[in-house]
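In: Just a sequence and a predicted model for now, questions to come.
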Amino acid sequence: MSIGEFISSNLETFINMTGFANAQWENLLMICVGCFFIWLAIKKDFEPLLLVPIGLGIVIGNIPFVEGMEVGLYEKGSILNIFYDGVARGWYPPLVFLGIGALTDFSALISNPKLILIGAAAQFGIFGAYMIALALGFDPHQAASIAIIGGADGPTAIFLSSKLCPNFLGAIAVCAYSYMALVPVIQPVVMRLLTTDKERVIKMKPGRKVSQTEKILFPIIGLLLTTFIVPSGLPLLGMLFFGNLLKECGKTDRLAKTATNALNNAVVILLGLTVGCSTQASVFLTFDTIKIFALGAFAFIIATASGVMFVKIMNLFLKEGNKINPLIGNAGVSAVPMAARISNNLGLEYDRKNFLLMHAMGPNVGGVIGSAVAAGALLGFLS
């Protein structure tokens with residue numbers, strides 16, 4: 001073979017291995033979606049800590065390549081595949097819950113325990129979507145994995161779908177985090193639709209001061225109560241309450257800071273990036289993905305509406321002066337603290353002196369517990 005033929009042959013091989021030669025319209029579409037996520041995060045400030053890693057992950061996951069190069073997420077032995085193991089085997093979510101527990105102050109819930117009922121009511125969206133998914137032809141495992149999106153809790157959705165429906169894991173994870181980021185867009189519409197002007201200006205009594213002893217006892221008692229009911233939720237609930245105990249006991253500040261900062265940040269980076277990479281066009285762009293996003297939106301809207309309507313029902317039985325502002329009902333989903341901020345911001349629109357943030361944190365942290373319990377219940381029934 002002449003030098004010219006050798007160079008020509010190698011050049012042709014090189015060209016055939018480039019992304020330009022292997023690109024398909026599906027790859028380009030998903031790359032545009034990834035760039036849109038990044039734009040939302042930076043320009044619109046929609047949960048940048050989530051959408052920047054996920055958006056760039058979508059771009060990385062859809063760079064065209066020749067199979068066998070061991071660079072793709074779904075290729076055994078590749079670096080991305082090793083990172084993705086934490087998603088596929090479900091060990092990133094408990095670590096995220098450890099950080100959430102170490103960041104969370106349960107005082108609002110402890111001072112007004114009935115607020116946990118709002119968090120429980122918001123989980124109706126999960127079970128409503130579950131029944132609809134079954135009616136649409138999804139099997140019970142698939143339906144449960146899709147329905148959990150209604151809890152607006154990305155780690156819980158990943159944990160459950162990794163156990164019950166790994167084939168839908170990428171679509172469910174991206175869907176869950178997308179709707180978490182869209183909380184400021186979706187929830188206010190539902191809240192305004194279901195409340196009256198009079199209900200929006202209800203002022204709630206300040207919560208009582210919670211003692212340090214109560215704060216220490218809460219994660220221990222909460223762990224025992226929830227995991228005795230749904231032992232299958234132990235990986236999430238155990239880490240959530242463990243993180244909170246590290247925060248509240250006053251003797252493990254270094255561990256609590258590690259859980260909330262270095263460890264949590266590293267896990268969120270890897271989780272977001274690999275979730276984004278899992279949207280490889282050949283796997284992600286299917287009709288089932290469209291149905292998952294539609295059902296996820298329905299579950300999220302129903303969860304928000306359930307929380308608001310449950311507060312309105314509670315108010316029928318509460319005396320004047322003890323009534324609850326229905327605007328905190330949306331916070332029953334477990335998007336912490338985004339949903340609680342929406343409650344507060346919408347309340348201030350109608351009364352500049354009506355601060356609902358601390359009240360909304362009660363059902364908001366209750367929703368975190370509720371979504372983990374719901375996931376544990378579904379896992380227990382179906383595994």
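Out: The structure has been received and is ready for your questions.
In: what sits against residue 42?
Out: By Cβ atoms under 8 Å, 6 or more residues apart in numbering, the contact set of residue 42 is 48, 52. No exception for glycine: its C-beta is placed from N, CA and C like everyone else's.
In: Please, which helix or strand holds it?
Out: helix 25-43 (DSSP states H and E).
In: State the next helix or strand along the chain beyond that helix.
Out: Criterion used, DSSP H and E; the element after helix 25-43 is helix 48-61.
In: The helix or strand just after that following helix vs helix 48-61, what angle?
Out: Downstream of helix 48-61, the first helix or strand assigned by DSSP H and E is helix 79-88. Computed by axes from the mean of the first three to the mean of the last three Cα atoms, to 10 degrees, the angle separating helix 79-88 from helix 48-61 equals 130 degrees.
In: Give me the helices and strands touching the one helix or strand in the chain whose mean pLDDT sits lowest, please.
Out: Least confident helix or strand of the chain, by mean pLDDT, DSSP states H and E, is helix 3-17 with a mean of 80. With contacts defined as 3 or more Cβ pairs under 8 Å, 6 or more residues apart in numbering; DSSP states H and E, helix 3-17 has no helix or strand neighbours.
In: Give me the contacts around that helix.
Out: Counting by Cβ under 8 Å, 6+ apart, 1, 21-22, 65-66, 69 sit against helix 3-17.
In: now do 7 Å
Out: 21, 66 (Cβ atoms under 7 Å, 6 or more residues apart in numbering).
In: Can you name the next helix or strand after it?
Out: Heading C-terminal from helix 3-17 (DSSP H and E), you reach helix 19-22.
In: Distance from the chain centre to the least confident helix or strand of the chain, please.
Out: Relative to the chain's own centre, helix 3-17 is displaced by 48 Å; criterion: Cα atoms, centre = their mean, to the nearest Å.
In: before we move on, what about stretch 261-277?
Out: The answer for stretch 261-277 is 13 Å, by Cα atoms, centre = their mean.
In: Need the contact partners of it.
Out: 34, 49-50, 53-58, 60-61, 73, 80, 83-84, 86-87, 92, 95-96, 99, 173-174, 177.
In: which parts of that stretch are buried?
Out: Using 16 or more other Cβ atoms under 10 Å as the test for burial, stretch 261-277 gives 263-264, 267-268, 270-277.
In: Mind checking which of these are in helices?
Out: 263-264, 267-268, 270-277 (DSSP state H).
In: separation between residue 74 and residue 171?
Out: Distance of residue 74 to residue 171, given as Cβ to Cβ, to the nearest Å: 14 Å.
In: For these two, indicate the residue with more neighbours.
Out: residue 171 (27 against 16; other Cβ atoms under 10 Å).
In: so which helix or strand takes in that one?
Out: helix 169-181.
In: same thing with residue 208?
Out: Using DSSP H and E, no helix or strand contains residue 208.
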